[in-house]
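Novice: how would this look folded up:
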Amino acid sequence: MAFAVGSAFFAGVTAVLAKLGIRDVDANLATALRAGVVLVLAWGLVFLVGSQTTLGTIDGHTWVFLILSGLATGASWLCYFRALQLGDVTKVVPVDKTSTVVTMVLAITFLGERVDAFVAGGMVAIGLGTYLMIELRAPAARAERGRGSWSWLAYAGGSALFAALTAILGKVGIEGVESTLGTAIRTGVVLLAAWGVVAVTGSQRGIRTIDARSWVFLVVSGVTTGLSWLCYYRALQEGPASVVVPIDKLSILVSVAAGVVVFRERVSMRGWVGLSLVVAGTLALLA
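Specialist: This next block holds a predicted model:
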C-alpha cells in the first residue's frame, strides 16, 4: 500500500512537470531524454542495493516479459507525452487513467484475480467518470491557441492501452527479479525504443534548441518518473495488480489539481462529477 501511494504521488507530479517541460520540445525527443534520466537513477539504485549480482540468475522467460513490458512502457510514454503536448492535463490524464479498467480486465482474464460487485461497479464508475471528464467540444482557450484538434484523445487512449499491458507484463516479468533491478532493465528497453523513434523521425536535431528552463523540467520529471516506477513495481511485486493499479491511478487527483492551479485549466461541473466518479470507482476497487 505504501509503495503504491508513493507511485501515485510521483506519477501525479510527473504529469505536471512533463507538461511544463515539453511545451516547446518535440514529444518523442522529450520522452527519450527523460528515459535517460530514469535509467541513470534506476541503475544507481541497483548498485546501491547490490542487486546487480543477481543478473545471472534471471531466466529466459523473465527476460522476455521484462523486454515486452519495457516496449509497452515506451509506447505508453510516447503516446502520453504527445497527448499532454496537444491537450489539457485535466482532459488527458482521465483518459490515460482508463488503463485501470483495461488492467483489471486483463488481470481477471489472465492472472485469475478476483471480481465481485465492488470491482464491477468500480470499473463502470471509472468508465462513466472518464466519459464525463472529456468535454464534447474543445475548450475556447485551446481553440484560441490553434490547438482545437482532438488528436490528443487518440494518443491518450493509446497511452491507456499500453499502460495496461505494461502492468500485466510487468507483474509477470518481475515475479522472480528484485524490483529495482527489474525496473532498471525495463528502463533500458524504454530508452532504446524511445531513441529509435527519435532517430526515425529525425527529432534529435531539436536538442540544440532546448532552453535551460525546459532542461530543468525534463530532468526533474525524469527523476519523479523513476521514483514512481520504483515504487510501482515494488508494489506490484508485493501485492495484487487489481489493488496496486487502482491506488496508483489516484495520481489523477494531483494532476487535475495542478492543471487547475498551475495551468489555469477550467473544469466544468460535468468534469467535477466525472472526477468524483473516477475516484469513487477507484476506491471501490480497493474494497
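
Novice: Quick one: the helices in this protein, in order.
Specialist: Taking DSSP state H as the criterion, the chain carries its helices at 2-21, 27-49, 60-86, 89-96, 99-110, 117-133, 140-144, 151-173, 179-201, 212-238, 241-248, 251-261, 269-284.

Novice: Mind putting those into a markdown table with mean neighbour count?
Specialist: Just so you know, the C-beta spots here come from the backbone N, C-alpha and C atoms, and that holds for glycine as well. Rendered in a markdown table, the data for the helices of the chain read as follows (neighbours: other Cβ atoms under 10 Å):
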| stretch | mean neighbour count |
| --- | --- |
| helix 2-21 | 22 |
| helix 27-49 | 21 |
| helix 60-86 | 22 |
| helix 89-96 | 26 |
| helix 99-110 | 20 |
| helix 117-133 | 19 |
| helix 140-144 | 12 |
| helix 151-173 | 22 |
| helix 179-201 | 21 |
| helix 212-238 | 21 |
| helix 241-248 | 25 |
| helix 251-261 | 20 |
| helix 269-284 | 18 |
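
Novice: Confidence-wise, which of the ones you listed is weakest overall?
Specialist: Comparing mean pLDDT across the helices of the chain, the weakest is helix 140-144, with a mean of 42.

Novice: show me the contacts for residue 185.
Specialist: Residue 185 sits next to 66, 70, 177 when contact means Cβ atoms under 8 Å, 6 or more residues apart in numbering.

Novice: shouldn't the last one be in contact with residue 52?
Specialist: This means residue 177. No: Residue 177 lies out of contact with residue 52 (Cβ atoms under 8 Å); the separation is 11.7 Å.

Novice: Please say which of these two ends up with more neighbours.
Specialist: With neighbours defined as other Cβ atoms under 10 Å, residue 177 and residue 52 compare such that residue 177 has more, 25 against 15.

Novice: just to revisit the earlier point, TSV please, covering the contacts of residue 185 and showing distance to residue 86.
Specialist: Below are the contacts of residue 185 laid out as TSV (distance: Cβ to Cβ, whole Å):
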residue	distance to residue 86
66	31
70	25
177	36
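
Novice: which among the residues you listed gets closest to residue 198?
Specialist: residue 70 (16.3 Å; Cβ to Cβ).

Novice: isn't the closest one right up against residue 190?
Specialist: Yes: with contact defined as Cβ under 8 Å, residue 70 counts as touching residue 190 (5.2 Å).

Novice: Please report the distance of the nearest residue to residue 52 once chain neighbours are set aside from residue 230.
Specialist: In this structure, residue 52 finds its nearest non-sequential neighbour in residue 46, 5.2 Å apart by Cβ to Cβ, 6 or more residues apart in numbering. Note on residue 46: its distance to residue 230, by Cβ to Cβ, to the nearest Å, is 10 Å.

Novice: and for those two, which residues touch both?
Specialist: Counting by Cβ under 8 Å, 6+ apart, the common neighbours of residue 46 and residue 230 are residue 180.
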